[in-house]
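K.L.:
build the 3D model from these lines:
(one chain, ligands or ions: 1)
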Amino acid sequence: MDYNRILTEIAVEVEPLRTVGQQASYIPALARVNPDRFGICLLTTDGGGAELGDVGERFSIQSVTKVFSLSMALSLKGEALWERVGKEPSGSAFNSLIQLELDHGIPRNPFINAGAIVVADVLLSELSDPEGEYIDFIRRISGDPTVGYDREVAASERTTGYVNAAIANMLKYYGNLQNDIEDVLRFYFLQCSVKMDCRQLAQSFLPFADRNREFSFGGVSLTYSQVKRINAIMQTCGFYNDAGEYSYLVGLPGKSGVGGGIAAVYPGRYAVATWSPRLNEKGNSVMGMKALELLTSYTHESIF
Ligand SMILES: NC(=O)CC[C@H](N)C(=O)O
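P.N.:
Residues are numbered from 1 along each chain as shown. Below is the predicted model:
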């Protein structure tokens, strides 16, 4: 497959979307990012790949981090994790509060904010150095020791994180947070603040696509079956209330973030990361979604 040629065609087609949509502004530090950016990096399991655009510029991965958090929590807790968080698509906004009340404090899945806040609580309870071990895992899986938190973004999100604070309070009320609310929120925002570029993100998702290599990075090990199940949750829940549309258009397990990043995998073949800060009304990157739609259309490579 000539991915270079395909990415070049995609870049031409997505260009008219460069100024469509709005970047996230509810996190003040994200409102300062230049929104007119686009990058895409694809890495294959056999060592090949192609890239185009702003692939070396780091951005806030935001909710894409929830895949790393779930991986750690699943490796630590196994199936017991599902006693505290579900694995059903939510059909609601990523920060929905109302659904959490209806579900009596058990979040629908680990990729909406409520679920990721429970996962952050699990990691706080299980790890002796949560901040250190979390970033160490991401440095190992990305193969890049310079990847780190952006503490300014994390602090900025705390100042306006009213809904996430409400979610955490609701979880505590229902007995689904063991740690102090403020500690859990601080750790959750820090996880979201991790900064990566498209190359590092594609590299970090390659282990979710690679069926022939063991998933083991530092203390985080997953079985083949656990990786398969994480991919399944990405497919059904990775784009919140856009998950059906994303599945329909793209057809690859993936995860988006309000920083404008998307990471997706074609199991057995490749991982791909896109970045473009302008979002649709569901909080997913406009150019990124379109680029991935074109990628599976042009290559005829999709899980469906
Ligand atoms: N969809 C997202 O990327 C949301 C993450 C963001 N940190 C929040 O909690 O609101």
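K.L.:
center of the protein - which residue?
P.N.:
By Cα atoms, centre = their mean, the chain has its centre lying nearest to V64, at 1.4 Å.
K.L.:
tell me the secondary structure for that residue?
P.N.:
Under DSSP: H, G, I helix; E, B strand; the rest coil, the three-state class of V64 is helix.
K.L.:
the nearest residue to it once chain neighbours are set aside and R278: what is the separation?
P.N.:
Spatially, and ignoring its direct neighbours in sequence, V64 is nearest to G257 (4.2 Å; Cβ to Cβ, 6 or more residues apart in numbering). Yep, even glycine has a C-beta here, placed from its N, CA and C like the rest. As judged by Cβ to Cβ, to the nearest Å, G257 and R278 stand 13 Å apart.
K.L.:
who's more crowded, the two?
P.N.:
G257 (28 against 21; other Cβ atoms under 10 Å).
K.L.:
touching, the more buried one and F68? I think so.
P.N.:
No: G257 is beyond contact range of F68, at 11.5 Å (criterion: Cβ atoms under 8 Å).
K.L.:
quick one: contacts for the residue nearest to the centre of the chain?
P.N.:
Residues near V64 by Cβ atoms under 8 Å, 6 or more residues apart in numbering: 201, 255-257, 259, 261-263.
K.L.:
restricted to helices, list the residues you listed.
P.N.:
L201 (DSSP state H).
K.L.:
from the contacts of V64, pick the one nearest V122.
P.N.:
K255 (18.5 Å; Cβ to Cβ).
K.L.:
do you know the pLDDT at the closest residue in space to that closest one that isn't next to it in sequence?
P.N.:
Of all residues not flanking K255 in the chain, G238 sits nearest, at 4.3 Å (Cβ to Cβ, 6+ apart). G238 carries a pLDDT value of 95.
K.L.:
on the three-state scheme, V153 is what?
P.N.:
Quick answer, by three-state DSSP: V153 is helix.
K.L.:
report the contact partners of it.
P.N.:
So, once contact is read as Cβ under 8 Å, 6+ apart, V153 ends up touching 27, 29-30, 60, 192-193, 195.
K.L.:
try Y270
P.N.:
3, 42-45, 49, 206, 209, 301.
K.L.:
apply 6 Å and report the result again.
P.N.:
Counting by Cβ atoms under 6 Å, 6 or more residues apart in numbering, Y270 touches 42, 44, 209.
K.L.:
for the closest residue to the last one other than its chain neighbours, phi and psi?
P.N.:
Spatial nearest neighbour of A209, chain neighbours left out: V265 (4.0 Å); criterion: Cβ to Cβ, 6+ apart. When read as degrees, to the nearest 10, the backbone of V265 gives phi -130, psi 140.
K.L.:
gap between V265 and the ligand?
P.N.:
Between V265 and the ligand the computed distance is 18 Å (Cβ to the nearest ligand atom, to the nearest Å).
K.L.:
G21 too?
P.N.:
Taken as Cβ to the nearest ligand atom, the span from G21 to the ligand is 14 Å.
K.L.:
again with H300
P.N.:
Taking Cβ to the nearest ligand atom as the measure, H300 and the ligand are separated by 30 Å.
K.L.:
for the residue nearest to K255, give me its contacts.
P.N.:
111, 254-255.
K.L.:
return the member of those nearest to I138.
P.N.:
Using Cβ to Cβ, the contacts of G238 come closest to I138 at K255, 13.8 Å.
K.L.:
residues contacting that closest one?
P.N.:
K255 touches 64, 67, 234, 238, 263, counting by Cβ under 6 Å, 6+ apart.
K.L.:
now for these: which two are most distant?
P.N.:
V64 and M234 (10.1 Å).
K.L.:
look up the closest residue to T159, ignoring the ones flanking it.
P.N.:
P28 (7.0 Å).
K.L.:
that neighbour: neighbour count?
P.N.:
15.
K.L.:
my guess is it contacts A154. True?
P.N.:
No: the pair P28 / A154 is not scored as a contact, 11.9 Å apart, by Cβ atoms under 6 Å.
K.L.:
got the contact list for the residue of the stretch 101-250 of the chain found nearest the ligand?
P.N.:
In the stretch 101-250 of the chain, the residue that lies nearest the ligand is C192 (3.6 Å; Cβ to the nearest ligand atom). Counting by Cβ under 6 Å, 6+ apart, C192 touches 62, 65.
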